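1. Compute the structure for the input listed below.
(one chain, ligands or ions: 1)
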Amino acid sequence: MENGKKTLLSGIQPSGDLHLGNYLGAIKNWAELSDQFECYWFMADMHTITVRQNPADLRRRTLTQIATYIACGLDPEKNTIFVQSHVPAHAELGWVLDCYTMFGELSRMTQFKDKSAKNADNINAGLFTYPCLMAADILLYQPDFVPVGEDQKQHVEICRDVANRFNHVYGDVFTVPEPYIPKTGARVMSLNAPESKMSKSGPDGCVFMMEKPEDIMRKFKRAVTDSDTERCVRYAPQEKPGVANLMSIYSAVTGKSFDEIEREFDGKGYGAFKPVVGEAVVELLRPIREETERLLADKAYLENVYRAGAERAGYIANKTLRKVYKKVGFLPR
Ligand code: TRP
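-> Numbering: from 1, shown residues only. Model prediction:
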C-alpha cells in the first residue's frame, strides 16, 4: 500500500445476529488493527445465499452488522467497510477463478461436506464453488493477511493454491496472502451447554449483542455451572467447564486474571458469581448496543459509509480485475 502499511482483509457473513462470542473472540480486537494495517472489512452477503435466507432478515442483518462494527470502534475513516454485492468485481473474478479451481480440490473442502450434509435438500453449485468466490474476495485486494478462524483456514489455503497456479501461468498477478492468526480472543462457550461454542443455533446459551439487559441477566442466572461438590469458583476447565467458561468471560470483560477472580469469589458460591458476570457483560454491551441503535436510526450516515466503502474498494478491485481480464485474453472494453 502507498502508505507503507501492509494490507489486511476479512469478510463476515451476515448470516446470524452477532453475539458475545463474536465480540470477545474477534470483533473486539479489530479496531486496533487499523493502526497497523490498511484494513478492508466486508459484509459477505453473496456467500450467505448459498443457504436459503429470508430476504428482509438478510437486509436487516447486513445493515445492523455494519452499524455494530462501527459501534465497536471500527472507524470508517480508517477502515474500508463495504458490502460484497456492491462491488461487482467479486462476482466477476469469482467466475474466472471457477475456471482455475479443480473439481477435486473443491470436493475435499470440509465445510462443503458439512454444509451439504446439513442442507441435503439444497446442495447447490454455489455451495460447492464458494471457495472460488472467497478467493476472489481476497485476491482482488492483494492483501498480505487474512484474519480467519480455524474453520476458514482450509479456504485460505485453497485461495493460496489458486493464486499460485494463476501466477505460475500468467506471471505475478496476485499477492499470495497469509492467514493471520489474531491475538487469541476468548473462546466463548454456550452458557447452557459449555462443551460447545456459543452460537446462534443454541439461542438459550447465546448472548446476542443487541439483547436487552434483563434477557442477558436471565441467561447468565440460568447458566449451567457444575455439579461438583466443592461449588467454589475455581478455574478447572476439564472438571468444571461451565464455571471455567464464566470465568473466561468475566476475565475477558474485566481484564482480571483467574487468580484474582478466584480470590474475589473466595467463600462465595456459584449463585453469587453468575449475576456478577451477567452485570459485567450487560455493562460491556450497553454502550455498543446504544451506539448501534443510534447509528441504525441514521440511515443516511450508514448509506454514506457503505457507499464510500464500495467506491474505495471498487477502485482497487477493478484494477486487479482489469489485469486479470487482460491476462486471460478478454478484449478490453
Ligand atoms: N467464508 C467466510 C466465513 O464463512 C467469510 C468470507 C467470505 C471471508 N469471503 C472472505 C473471510 C474473504 C475472509 C476473507 O466466515
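2. so Ala313 makes contact with Val87?
-> Yes. Using C-beta atoms under 8 Å, Ala313 makes contact with Val87 at a distance of 5.1 Å. All C-beta spots, glycine's among them, are computed from the backbone N, C-alpha and C.
3. what is in contact with those two at once?
-> Phe42 (C-beta atoms under 8 Å, 6 or more residues apart in numbering).
4. and Trp41, which of the three is it?
-> Under the three-state scheme (DSSP: H, G, I helix; E, B strand; the rest coil), Trp41 adopts strand.
5. If you could redo that for Glu230, that was the one I meant.
-> coil.
6. Just give the number of residues close to it.
-> Per other C-beta atoms under 10 Å, the neighbour tally for Glu230 reads 11.
7. Pull up the residues of this protein that are close to the ligand.
-> Contact residues, the chain versus the ligand (C-beta under 6 Å from any ligand atom): 9-11, 13, 44, 47, 134, 137-138, 146, 148, 152, 155.
8. And the helices in the chain?
-> Using DSSP state H, the helices of the chain run over 20-22, 28-36, 45-48, 55-71, 89-98, 103-107, 110-118, 125-139, 153-170, 213-221, 241-254, 258-264, 270-296, 299-328.
9. could you dump the ones you listed to a markdown table with mean pLDDT and distance to Val233?
-> Converted to a markdown table, those look like this (pLDDT from 0 to 100; distance: least, C-beta to C-beta, whole Å):
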| stretch | mean pLDDT | distance to Val233 |
| --- | --- | --- |
| helix 20-22 | 94 | 20 |
| helix 28-36 | 90 | 24 |
| helix 45-48 | 98 | 40 |
| helix 55-71 | 98 | 31 |
| helix 89-98 | 98 | 48 |
| helix 103-107 | 96 | 48 |
| helix 110-118 | 92 | 36 |
| helix 125-139 | 98 | 42 |
| helix 153-170 | 97 | 35 |
| helix 213-221 | 97 | 14 |
| helix 241-254 | 95 | 6 |
| helix 258-264 | 95 | 6 |
| helix 270-296 | 97 | 5 |
| helix 299-328 | 98 | 42 |
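10. Format the ones you listed as JSON lines; extra columns: distance to Leu191 and mean neighbour count.
-> Below are the helices of the chain laid out as JSON lines (distance: least, C-beta to C-beta, whole Å; neighbours: other C-beta atoms under 10 Å):
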{"stretch": "helix 20-22", "distance to Leu191": "9", "mean neighbour count": "23"}
{"stretch": "helix 28-36", "distance to Leu191": "19", "mean neighbour count": "16"}
{"stretch": "helix 45-48", "distance to Leu191": "26", "mean neighbour count": "21"}
{"stretch": "helix 55-71", "distance to Leu191": "21", "mean neighbour count": "19"}
{"stretch": "helix 89-98", "distance to Leu191": "36", "mean neighbour count": "19"}
{"stretch": "helix 103-107", "distance to Leu191": "37", "mean neighbour count": "11"}
{"stretch": "helix 110-118", "distance to Leu191": "23", "mean neighbour count": "13"}
{"stretch": "helix 125-139", "distance to Leu191": "31", "mean neighbour count": "22"}
{"stretch": "helix 153-170", "distance to Leu191": "27", "mean neighbour count": "17"}
{"stretch": "helix 213-221", "distance to Leu191": "6", "mean neighbour count": "16"}
{"stretch": "helix 241-254", "distance to Leu191": "7", "mean neighbour count": "22"}
{"stretch": "helix 258-264", "distance to Leu191": "17", "mean neighbour count": "14"}
{"stretch": "helix 270-296", "distance to Leu191": "9", "mean neighbour count": "18"}
{"stretch": "helix 299-328", "distance to Leu191": "31", "mean neighbour count": "16"}
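11. Among the residues of the chain next to the ligand, which one sits closest to the ligand?
-> Among those, Gly11 lies closest to the ligand (C-beta to the nearest ligand atom), at 3.1 Å.
12. In the sheet, which residues pair with that closest one? Tell me.
-> Phe42 (DSSP bridges).
13. Give me the pLDDT value at the residue nearest to Ser196 when sequence neighbours are not counted.
-> Sequence neighbours aside, Ser190 is the residue nearest to Ser196 in space, at 5.2 Å (criterion: C-beta to C-beta, 6 or more residues apart in numbering). We have a pLDDT of 97 for Ser190.
14. OK, contacts around Ser190?
-> Contacts of Ser190 (C-beta under 8 Å, 6+ apart): 196-199, 202, 205-206.
15. Equivalent analysis for Thr129, please.
-> Counting by C-beta under 8 Å, 6+ apart, Thr129 has contacts 94, 98, 101, 106.
16. can you tell me which two in those residues are farthest apart?
-> Gly94 and Leu106 (13.0 Å; C-beta to C-beta).
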